[in-house]
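**Student:** the following block contains a protein sequence and its predicted model.
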Amino acid sequence: MLVLTRRENESIMIGDDIEVKLLDVKDKQVKLGVMAPRHVAVHRLEVYEAIQAENRHAAAPTKMPDISSILPG
Amino acid sequence: MQLETTRFGTVDYDDQSVITFTQPIIGFQEFRRYIFVDGPEGSNLVWLQSTDSGELAFILMDPRKVIPEYDFKLGQHELSELAVTVVDELDIYTLVVVPDDPTKVRTNLKAPILVNPKQRLAKQTILDKSSYPVQFVLSQAKAGANESEEVDSCSS
């Protein structure tokens, strides 16, 4: 892992078109700004991982459930 | 076209009916092309079957059948990625997970599947700014329909 030290309002570039800027440091939190092309999705890692895990559950081999009874209307 | 599937046997489909994901379903990077296969009549459910792999299929539902107020905004780039100008032009689905206990069937409200039915484009988006849960148990919605929204607070 590449480790860089940055101060407030300093940035790093990832490739030619992704900039990550350190906007603010307060207590144990840092605020980051990400400037990336539209096709690059940027997410918090824990959210991304939770959705990936849930998608894998959704793809598990299964039969269509008879859940019409628990669906309202 | 013909596709061998593990769930439905041989499926005939038209190339025109294939839906292409502009961004793949997260965790399924190599699968971009899907078709819809009808679920049970009157169930609000539909299968999303991969045409790249006969083994891969997801169950989708219309979340607004359970949560009529389910709503969100999309950025301009996401709308143009799907070749629409407003969210209303999109069909909204959420992925359904069926655990062993059928009363615990759940759906992912945090990361809906957006479909442009005219251009046959789709993507899974993550609603970063909303508080919708990744795991929403459907029986909660029914319990909550006649009571308050505090489904956890049923004591005495």
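**Tutor:** Thanks, I have the structure now.

**Student:** before we move on, what's the pLDDT of residue B:1?
**Tutor:** Residue B:1 carries a pLDDT score of 89 in this model.

**Student:** quick one: contacts for it?
**Tutor:** B:12-15, B:51 (C-beta atoms under 8 Å, 6 or more residues apart in numbering or on different chains). In short, each C-beta sits where N, CA and C put it, glycine included.

**Student:** ok, residue 39 - contacts?
**Tutor:** Defaulting to chain A. residue B:81.

**Student:** wait, I meant chain B there
**Tutor:** A:64, B:45-47, B:59.

**Student:** and the contacts of residue B:1 near chain A, which?
**Tutor:** Contacts with chain A are made by none of the contacts of residue B:1, judged by C-beta under 8 Å from any C-beta of the partner chain.

**Student:** show me which of those are buried.
**Tutor:** Using 16 or more other C-beta atoms under 10 Å in any protein chain shown as the burial test, the contacts of residue B:1 include residue B:51 as buried.

**Student:** pLDDT and secondary structure for the contacts of residue B:1 - can I get that in a markdown table?
**Tutor:** Converted to a markdown table, those look like this (pLDDT from 0 to 100; DSSP: H, G, I helix; E, B strand; the rest coil):
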| residue | pLDDT | secondary structure |
| --- | --- | --- |
| B:12 | 93 | strand |
| B:13 | 94 | coil |
| B:14 | 93 | coil |
| B:15 | 92 | helix |
| B:51 | 96 | coil |
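
**Student:** out of the contacts of residue B:1, the closest to chain A would be?
**Tutor:** residue B:51 (14.8 Å; C-beta to the nearest C-beta).

**Student:** what's the closest non-adjacent residue to that closest one?
**Tutor:** Distance criterion C-beta to C-beta, 6 or more residues apart in numbering or on different chains; nearest residue to residue B:51, sequence neighbours excluded, is residue B:33 at 4.6 Å.

**Student:** check chain A and tell me which residue is nearest its centre.
**Tutor:** residue A:43 (1.8 Å; C-alpha atoms, centre = their mean).

**Student:** mind checking which helix or strand the nearest residue to that one once chain neighbours are set aside is in?
**Tutor:** Counting by C-beta to C-beta, 6+ apart, residue A:43 lies nearest to residue B:126, which is 5.6 Å off, once chain neighbours are set aside. Counting by DSSP states H and E, there is no helix or strand that carries residue B:126.

**Student:** give me the phi and psi for residue B:126.
**Tutor:** Per-residue torsions, residue B:126: phi -110, psi 120 (degrees, to the nearest 10).
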